[in-house]
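J.: I need the structure of the sequence given here:
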Amino acid sequence: MASKRAKIGIGMAAGLIWSVGLLWGAAQFVRLPVFTAIPTIMVAFFAPGLVMLVMIGRLAQRRFFADSLIDGAAYAPGSAADIDQRVLSNTSEQLVLALCIWPAVAILLAGDGPGVIMALGIGFAFARLAFWAGYHISPPLRAFGFAATFYPTVLVALWALLSYGH
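T.: Take a look at the predicted model:
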């Protein structure tokens, strides 16, 4: 068990480093010429939405081409389809969290907010694909993708809370 925990810990640490780099890079280099809150927020969620679309499509494809699944049967525990379903469930959870936090961040961080949430959206898509691939390769490898999705949302929420009003 220690080696699994070590792998997960390394993945989580790498995800934290990714998160700090993503937010720092967004604040330093991503500038949007005109900020209109609603369109910017909507576009920030486009890449995460596309990844979720691919995940749902993959599960639908698995059901369509498997006689044992076509009628809506449960996926066999530990099967590739079961893993895809768990990835989709976790992605849904992460996306709901992002939907609760990122729009406020876009407003609270004023000049940095729009660029930051655009970078968060692209980073989210990348991290979810890493989570999905890691889960299929070896469950401990999913740690990076999880952390690289979760930590940016946590860190940007803290950033917005700490900088609001200053």
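
J.: Now Thr91. Nearest residue, chain neighbours left out?
T.: In this structure, Thr91 finds its nearest non-sequential neighbour in Arg128, 5.4 Å apart by Cβ to Cβ, 6 or more residues apart in numbering. Any C-beta I mention is one placed from the backbone N, CA and C, and that applies to glycine too.

J.: In this structure that neighbour contacts Gln94, no?
T.: Yes: the pair Arg128 and Gln94 qualifies as a contact (Cβ atoms under 8 Å) at a distance of 7.4 Å.

J.: anything in contact with each of the two?
T.: Thr149 (Cβ atoms under 8 Å, 6 or more residues apart in numbering).

J.: higher neighbour count, the two?
T.: Taking neighbours as other Cβ atoms under 10 Å, Arg128 and Gln94 compare with Arg128 leading, 26 against 21.

J.: for that one, what are its contacts?
T.: So Arg128 contacts Pro48, Val51, Met52, Met55, Val87, Thr91, Gln94, Gly145, Thr149 (Cβ under 8 Å, 6+ apart).

J.: Same question for Ala80.
T.: Arg62, His136.

J.: go again using 10 Å as the cut-off
T.: Going by Cβ atoms under 10 Å, 6 or more residues apart in numbering, Ala80 touches Arg58, Arg62, Tyr135, His136.

J.: top of these by neighbour count?
T.: Tyr135 (21 neighbours).

J.: name the element that one belongs to?
T.: With elements taken from DSSP states H and E, the one containing Tyr135 is helix 113-137.
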